[in-house]
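Trainee: Pasting a predicted model and its sequence here:
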Amino acid sequence: MSHLRPVPSDPPSEEGGTTAARLADLLKRSARGDEAAFAELYDATSARAFGLAVRVLRDRAQAEEVTQESYLDCWRHAARFDAARGSALSWLLTIVHRKAVDRIRSAEAATRRDTAYGQHHQEVAHDETAEAATSSIEATRVRTALRDLTTKQREAVELAFFGGYTHTEVATMLDLPVGTAKTRIRDGLIRLRDALGVGEVAQT
Amino acid sequence: MSDIHALSGAYTVDALDEGQRAEFERHLAGCAECRAEVASFRETTALLAETSAETPPASLRDSVLAGISQVRPLPPVTPEPSTEEKVAPVAPLRRRRLPQILVAAAAVVLLAVGVLAWHPWRNDTTTVADQILNAPDAVRTVEQLPGNAGELTLVRSPSLGKAVMIGNDVRSPGSDKTYQLWYVQPGAGPVSAGLMPDASEPTVLSGDLATAQAAAVSVEPETGSETPTHVVAEFPLKPGSGGNGGT
């Protein structure tokens, strides 16, 4: 089986490449039951985890639940984290995002959202204001990369990732064939990845 | 590039429906190129989260840390040579014996947490299991497996009329074998309540909880059996006859 090498998840920004290694180490210590390490991990990552849940769910109470579930999941399964397959942060945020999206897809949320496209569409536009609230160097860099996508790519990536819509829903919302929507999401991610200098992940 | 490769982006951002997700994950298991792409996309989307960072309330930190103090981290998976993605999540038996009360407390917290995905590459969320685990009238019973092979917890909700089984550090039943769940029904004896191929995942028992006198777990050939071959745990369901770890 092929193996992925560690991905340098932290770009050469203010904290340098050591943050990823530190988070991975904290997660490994957590797997051995080190609660202090986990607390440190929480402190280093919770703003991103919670913020992502809020962004996707648009509901603070639910976002808190999802964040809490995600961290407990993370603690319980810390031993399964494999630094060779990605960074600790992306591991955690993948759990958060998956849980947030699963919650959105629950029947109740689906009903609510069925009628909310117009409203939602507006909110997507508003997000740029919300984003302006956070202002780390890193966030600025990411926002620049997002801005450099084509409008079409950005819409597709944002509706899918932050909006929690399926690519089929994204296609409908943007009046696109389904195949085009999934291509835009992928092309958008490729462009972002390259712009952000996320290492090409080596393969066999 | 065939069509399915192009789903890597949508998969990464959880924009596939259940069926497509499962299909793509099967594809991923055999496609190194897509695994690499998904891994690089995950690093990318992790950076996207940077733009929405928001400090959570301090109470959340307290809840998380209080929660983990009562949950034992699972042991690492011992890799099987043949499969990468589908390593059986059964623990080798190296668990330290914790005081029984702590085990019970941990089980309760684990169950309260709900269904936990093994890792972000797989989605094991089971709505019915979640409902049972979170039901206000949920009753938990813990049974140790013979031979120090781990423990099983049965959680049942009379109001929902359903029960769910979850293992903790349960040893693999052996190759070509599976755990099978049973309800013992009056007059009919043991009736299959489904297979539990993965003891670490909450598995909802099918059948009628309301009439059942007991639930049981047995070791069976991979495809299951009509009647139990080797019963390894039994959970009495009559009031007042609970197992050793009941609530």
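Mentor: Now that the structure is in, tell me what you want to look at.
Trainee: Show me what the lengthiest helix in chain A is packed against.
Mentor: Counting by DSSP state H, the longest helix found in chain A is helix A:35-57. Under the contact criterion of 3 or more CB pairs under 8 Å, 6 or more residues apart in numbering or on different chains; DSSP states H and E, helix A:35-57 touches helix A:18-31, helix A:60-76, helix A:88-104, helix B:58-68. All C-beta atoms are positioned from the backbone trio N, CA, C, and that covers glycine.
Trainee: Distance to B:P158, mean pLDDT and mean neighbour count added to these, as JSON lines?
Mentor: Listed next are the helices and strands packed on helix A:35-57 as JSON lines, based on distance: least, CB to CB, whole Å; pLDDT from 0 to 100; neighbours: other CB atoms under 10 Å in any protein chain shown:
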{"stretch": "helix A:18-31", "distance to B:P158": "37", "mean pLDDT": "92", "mean neighbour count": "19"}
{"stretch": "helix A:60-76", "distance to B:P158": "25", "mean pLDDT": "95", "mean neighbour count": "22"}
{"stretch": "helix A:88-104", "distance to B:P158": "27", "mean pLDDT": "95", "mean neighbour count": "25"}
{"stretch": "helix B:58-68", "distance to B:P158": "27", "mean pLDDT": "95", "mean neighbour count": "16"}
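Trainee: Run through the chain and note the low-pLDDT ranges.
Mentor: Just going to use chain A. Counting by pLDDT under 70, the ranges of chain A that qualify are A:1-17, A:107-135, A:200-204.
Trainee: Correction: the question concerned chain B.
Mentor: Filtered on pLDDT under 70, chain B yields the residue ranges B:1-2, B:78-127, B:239-247.
Trainee: how is it carved up into domains?
Mentor: Listed by automatic domain parsing, the domain ranges of chain B are B:3-49, B:100-236.
Trainee: So for chain B, which residue is the most central one in space?
Mentor: B:E201 (1.5 Å; CA atoms, centre = their mean).
Trainee: three-state assignment of that residue?
Mentor: Three-state secondary structure (criterion: DSSP: H, G, I helix; E, B strand; the rest coil) places B:E201 in coil.
Trainee: my read is B:V184 is in a strand, agree?
Mentor: Yes: when the secondary structure is assigned by three-state DSSP, B:V184 falls within a strand.
Trainee: residues contacting it?
Mentor: Under the criterion of CB atoms under 8 Å, 6 or more residues apart in numbering or on different chains, the neighbours of B:V184 are B:190-191, B:212-216.
Trainee: just the helices in chain B please.
Mentor: Taking DSSP H to define them, one finds helices in chain B at B:8-12, B:18-30, B:32-48, B:58-68, B:100-113, B:127-134.
Trainee: Run through who's touching stretch B:205-216.
Mentor: Here stretch B:205-216 has contacts from B:154, B:156, B:158, B:161-165, B:181-186, B:190-194, B:228, B:231, B:233-238, using CB under 8 Å, 6+ apart.
Trainee: Of those, grab the buried ones for ChimeraX.
Mentor: Provided next is the ChimeraX selection string for whichever of the contacts of stretch B:205-216 are buried by 16 or more other CB atoms under 10 Å in any protein chain shown:
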select /B:154,156,162,163,164,165,181,182,183,184,185,190,192,193,194,228,233,234,235,236,237
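Trainee: can you count the residues close to B:P136?
Mentor: Residues within reach of B:P136, counting by other CB atoms under 10 Å in any protein chain shown, total 6.
Trainee: Quick check: phi and psi on it?
Mentor: Recorded main-chain torsions at B:P136 are phi -60, psi -30, according to degrees, to the nearest 10.
Trainee: For A:V101, give me its contacts.
Mentor: Contacts of A:V101 were listed using CB under 8 Å, 6+ apart, and they are A:56, A:164, B:14.
Trainee: Relative to A:L146, which of those is nearest.
Mentor: A:V56 (16.1 Å; CB to CB).
Trainee: Would you agree the closest one is in contact with A:H97?
Mentor: Yes: in this structure, A:V56 is within contact of A:H97 by CB atoms under 8 Å, at 6.7 Å.
Trainee: ok and the residue in chain A nearest chain B?
Mentor: Going by CB to the nearest CB, chain B is nearest to A:R186 of chain A, at 3.1 Å.
Trainee: Regarding that residue, which helix or strand does it belong to?
Mentor: Per DSSP states H and E: A:R186 is located in helix A:178-195.
Trainee: I'd like to know which elements that helix is packed against.
Mentor: The contact analysis (3+ CB pairs under 8 Å, 6+ apart) places helix A:178-195 against helix A:137-147, helix A:151-161, helix A:167-173, helix B:8-12, helix B:32-48.
Trainee: which ones are touching the spatially most central residue of chain A?
Mentor: In chain A, the centroid-proximal residue (CA atoms, centre = their mean) is A:L93; its distance is 5.3 Å. A:L93 makes contact with A:48-49, A:52, B:42, B:45-46, B:49, according to CB under 8 Å, 6+ apart.
Trainee: The contacts of stretch B:205-216 in strands, which ones?
Mentor: By the criterion of DSSP state E, membership of these in strands covers B:154, B:156, B:162-165, B:181-185, B:190-194, B:231, B:233-236.
Trainee: re the thing from before, quick one, which of the domains of chain B is nearest to A:A145?
Mentor: Each of these was checked against A:A145 via CB to CB, and the shortest separation belongs to domain B:3-49, namely 8.2 Å.
Trainee: so how far does the closest one reach from one end to the other?
Mentor: Across domain B:3-49, the terminal residues are separated by 28 Å (CA to CA, to the nearest Å).
Trainee: Go through the residues of chain B and report the one nearest to chain A.
Mentor: Distances from chain B to chain A, computed as CB to the nearest CB, single out B:G9 as the nearest residue at 3.1 Å.
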